[in-house]
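**Q** sequence and predicted model, in that order:
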Amino acid sequence: MNDLQFGVNVCLFSGFFCITGGAIFDYLFQPEEKKLLTTHSSTPTHPSKGSPCTFFCGAACIFIGTINWLISAAYAPQSILAAIGSLHLLWKIFWHVWLFGYKITLKNLFGTFCIAGGLLLIVFERPVENEEVQYSLSQLFHFYSSLPYVTYLTCICILYMSFSILIPFVQKQRWMYLEAFLFSSQTAMLGTQSLVLGKTMSTLARLHLERLIELKKPFNLVFFLVVCIFCLISTFFWIWRVGEGRTQYQAIPCIECLDQSLWILFSMVSGGIYFQEFEHFNLHSKLIFTYGCSLLVFGMYFLTRENEPENSDTTLEDLKDAVPLLDFLAEKNSLEHVDEEEQQKVSVIEVFQFISIQKK
């Protein structure tokens, strides 16, 4: 087993544990209202609080998964590890089916096949004969000052500030989907730097364990600590922004797919530029890689797409029963300005589900 195969296998193993830990925390802390909406049931599927043992099991799973991802980052290219992140959605769907009663649809199965096909193209059609996975200390240090990476950082900083200026205007126009895209893009631009820093940290640890460098030396130790600190900062930034986005744009069914897609995109780009993973790609490899990434995004859309309610004839009069959701509808579009087509069919999944529960 070579370094690439070992890194991929460990990454799959880490994803299982991270998603399992996340599902356990969803099981413990998901609000009762959300449980009713997602399970299409008038009674909770599980108690809202669990034992401390369950909590620590979830924390242990996330910890084990994180450690294993750091190990995999020292052996496999970041662009491949980022692509494998789409496969983690399969673990999540499995746990949500078992814990919350989610229903698997043909769209979910189609999304699964798209993700599998995209991963096969990215991993097995990749020219690895000239690819370097093990880096030296001097390479890792000088990567930060390389022209492509400095240009990339400059571009994402300019885009981040531009989106910050643009978002208030988009909010006034009530373009919710565009606003969510800009917000998620900002999150992924800076949040994915945690992967670059995490892989750098893992590679330094591997070099130390293989006795190729000594972390006790002042320069090596300072470099390692600085990388660790900024890795933690970018990780907490990502977690905070994702939580804000899921709360602020919870009415958008594809918000999770949007976050995952942009995360994978910027992870591949940042890792490929920083670690110079794309330099050995020929035209055929670039086309196959692009097509594989497109399949991943396409598959994630169908994998995270929620089921449409059976009753799609809800009119504006029915919405009056959904008092807690009227504030959301008023913010999205004033009830006095809803046209006839929107009165015949309102395609907000949460509204349909809430009304069906109220009628039971």
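**A** Good, I have the coordinates.
**Q** contacts and neighbour counts: CA atoms only from here.
**A** Fine.
**Q** wait, what's in contact with Gly118?
**A** When contacts are counted by Cα atoms under 8 Å, 6 or more residues apart in numbering, Gly118 touches Tyr291, Gly292, Cys293, Ser294, Leu295, Leu296.
**Q** what's the pLDDT at Leu326?
**A** For Leu326, the pLDDT comes out at 48.
**Q** distance of the nearest residue in space to Leu178 that is not next to it in sequence from Leu204?
**A** For Leu178, ignoring the flanking residues on the chain, the nearest one in space by Cα to Cα, 6 or more residues apart in numbering is Val170 at 7.3 Å. Distance from Val170 to Leu204, counting by Cα to Cα, to the nearest Å: 43 Å.
**Q** next one: Cys18
**A** Taking Cα to Cα as the measure, Cys18 falls 23 Å from Leu204.
**Q** pretty sure Gly117 sits against Val297.
**A** No. Using Cα atoms under 8 Å, Gly117 is not in contact with Val297; the gap is 11.5 Å.
**Q** neighbour count winner among these two?
**A** More neighbours surround Val297 than the other of Gly117 and Val297, with 24 against 17 (other Cα atoms under 10 Å).
**Q** phi and psi next, for the closest residue to the more buried one other than its chain neighbours.
**A** Nearest non-adjacent residue to Val297, counting by Cα to Cα, 6+ apart: Ser261, 5.6 Å away. Main-chain torsions, Ser261, degrees, to the nearest 10: phi -60, psi -50.
**Q** ok, Ser261 - contacts?
**A** Leu296, Val297, Met300.
**Q** narrow the residues you listed to those in helices?
**A** Leu296, Val297, Met300 (DSSP state H).
**Q** check the offset of whichever strand or helix holds Leu28 from the chain's centre.
**A** Take DSSP states H and E as the rule and Leu28 turns out to sit in helix 3-29. Chain-centre distance of helix 3-29: 13 Å, with Cα atoms, centre = their mean, to the nearest Å.
**Q** okay, buried residues for it please.
**A** Within helix 3-29, the residues that qualify as buried by neighbour count (16 or more other Cα atoms under 10 Å) are 4, 7-8, 10-28.
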